[in-house]
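In: here's my sequence, what's the structure:
(4 chains)
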Number of protein chains: 2
Amino acid sequence: MKLSNKGRYGVKAIFDIAFHNHGKATQIKEIAERQAIPPRFLEQIFQDLKRAGLVTSKRGPRGGYQLAVEPADIRLGDIIRALEGPVALAEATRGSEDEGDATSRAVTDEAFEDLAEQIEACFDGKTIEDLCERGEALGYRRRAPGKYVYVI
Amino acid sequence: MKLSNKGRYGVKAIFDIAFHNHGKATQIKEIAERQAIPPRFLEQIFQDLKRAGLVTSKRGPRGGYQLAVEPADIRLGDIIRALEGPVALAEATRGSEDEGDATSRAVTDEAFEDLAEQIEACFDGKTIEDLCERGEALGYRRRAPGKYVYVI
DNA sequence: GGCATTCTTGACATTCCCGGTCGGCAATAC
DNA sequence: GTATTGCCGACCGGGAATGTCAAGAATGCC
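Out: Below is the predicted model of the structure:
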């Protein structure tokens, strides 16, 4: 019962954008450095996040990623599901229903499905905004957006 | 975010004993057949369950396993933890604390630890007895203990 | 236009562990 | 003593997890 690095990294990355750079395009390199994530790997993660509609991208100089959804509307479950698929505790759909007795298949599978829903609910109970608030409460300083507005 | 077969099998096996044979020694072969679990694999699972103190064993002819704890006191979490270790969402203890910014390590790790506790609580919210009751409610018939008392 | 920058895409390498098997030994009942 | 059953440790194949890489396409800037 473990969470993969991919999921962890994904949450960190989204949080990073929301906390430090919400509204601006943020580059892989920058996030990777702040969050200590292998850049090439992060690259791949962002493709999934984009496919899931959580971020948008812009190419070229001064490009990067930005949130496509408000932090308050991004639940951790959304990120995890985008990167790892749904929480699956019960049996994968098996073709042959004729093995074993029906009793425990029915009972245990039902129990596991119930649990899976509960667990999804746990993940959906926290949003990125919650994390940002927690970060501020802990006294961490956001890197102010607009700090790098280059005046020419 | 998946549950391994080992965990699933473990729950099924314990449930099987509780439901069909509570109080009697039950053999691997018998359980494996009823639950459609590879016998040699189940063998290995029971070693872990025994080490965790959930079952006791008896060797020799008419030997087998029986519950060491009342079904009402076996939480699914106990079984899962015995077979897969604790639920771990946060980072494994890393030596180098100097990478990345402290913000998101603090915030995300805290969040994940919180979630891990919630999830453990989900698993601990169901007991084997709950499953047995559910099984009876569904109308399944227990194989009556004592049915196989061999009169000589 | 030309160039540097940054994301895009798909393939590739590597390591780990899940899921399962096996052989042989130890206890026990009969 | 012999058949049965659990006990222990080793072993192994395959697939997923975790990254890496190369080449290409869009974009901004001078």
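In: contacts for the lowest-mean-pLDDT helix or strand in chain A, please.
Out: Within chain A, confidence by mean pLDDT, DSSP states H and E is lowest for helix A:102-124 among all helices and strands, at a mean of 93. Contacts of helix A:102-124 with the rest of the structure, by C-beta atoms under 8 Å, 6 or more residues apart in numbering or on different chains, involve A:75-78, A:80, A:86-91, A:97, B:1, B:3, B:8, B:11-12, B:15-16, B:19, B:34-35, B:76, B:115, B:118-119, B:122-123, B:125-126, B:130-131, B:134-135, B:138, B:140. All C-beta spots, glycine's among them, are computed from the backbone N, C-alpha and C.
In: and the angle from it to helix B:102-124?
Out: For the pair helix A:102-124 and helix B:102-124, the angle between their directions (axes from the mean of the first three to the mean of the last three C-alpha atoms, to 10 degrees) equals 150 degrees.
In: picking up where we left off before, which of the contacts of helix A:102-124 count as buried?
Out: Buried subset of those (neighbour count, 16 or more other C-beta atoms under 10 Å in any protein chain shown): A:75-78, A:80, A:87, A:89-90, B:1, B:3, B:8, B:11-12, B:15-16, B:19, B:34-35, B:76, B:115, B:118-119, B:122-123, B:126, B:130-131, B:134-135, B:140.
In: quick one: contacts for residue A:18?
Out: For residue A:18, the contacting residues are A:67, A:71, A:74, A:128, A:129, A:131, A:132, by C-beta under 8 Å, 6+ apart.
In: nearest residue to it in space, please, no chain neighbours.
Out: Leaving aside its sequence neighbours, residue A:18 sits nearest to residue A:71 (C-beta to C-beta, 6 or more residues apart in numbering or on different chains; 4.3 Å).
In: list the buried residues for stretch A:23-40?
Out: Within stretch A:23-40, the residues that qualify as buried are A:24, A:26, A:28, A:30, A:31, A:32, A:34, A:35, A:36, A:37, counting by 16+ other C-beta under 10 Å.
In: phi, psi for the closest residue to the second one other than its chain neighbours please.
Out: Of all residues not flanking residue A:26 in the chain, residue A:64 sits nearest, at 4.7 Å (C-beta to C-beta, 6+ apart). When read as degrees, to the nearest 10, the backbone of residue A:64 gives phi 140, psi -160.
In: and what of residue A:57?
Out: Per-residue torsions, residue A:57: phi -130, psi 160 (degrees, to the nearest 10).
In: what about it, neighbour count?
Out: The local packing count at residue A:57 equals 15, with neighbours defined by other C-beta atoms under 10 Å in any protein chain shown.
In: what's the spacing between it and chain B?
Out: Residue A:57 sits 21 Å away from chain B, going by C-beta to the nearest C-beta, to the nearest Å.
In: for that residue, give the beta-bridge partners.
Out: residue A:65 (DSSP bridges).
In: and it, what is it in contact with?
Out: Here residue A:57 is in contact with A:46, A:50, A:63, A:64, A:65 (C-beta under 8 Å, 6+ apart).
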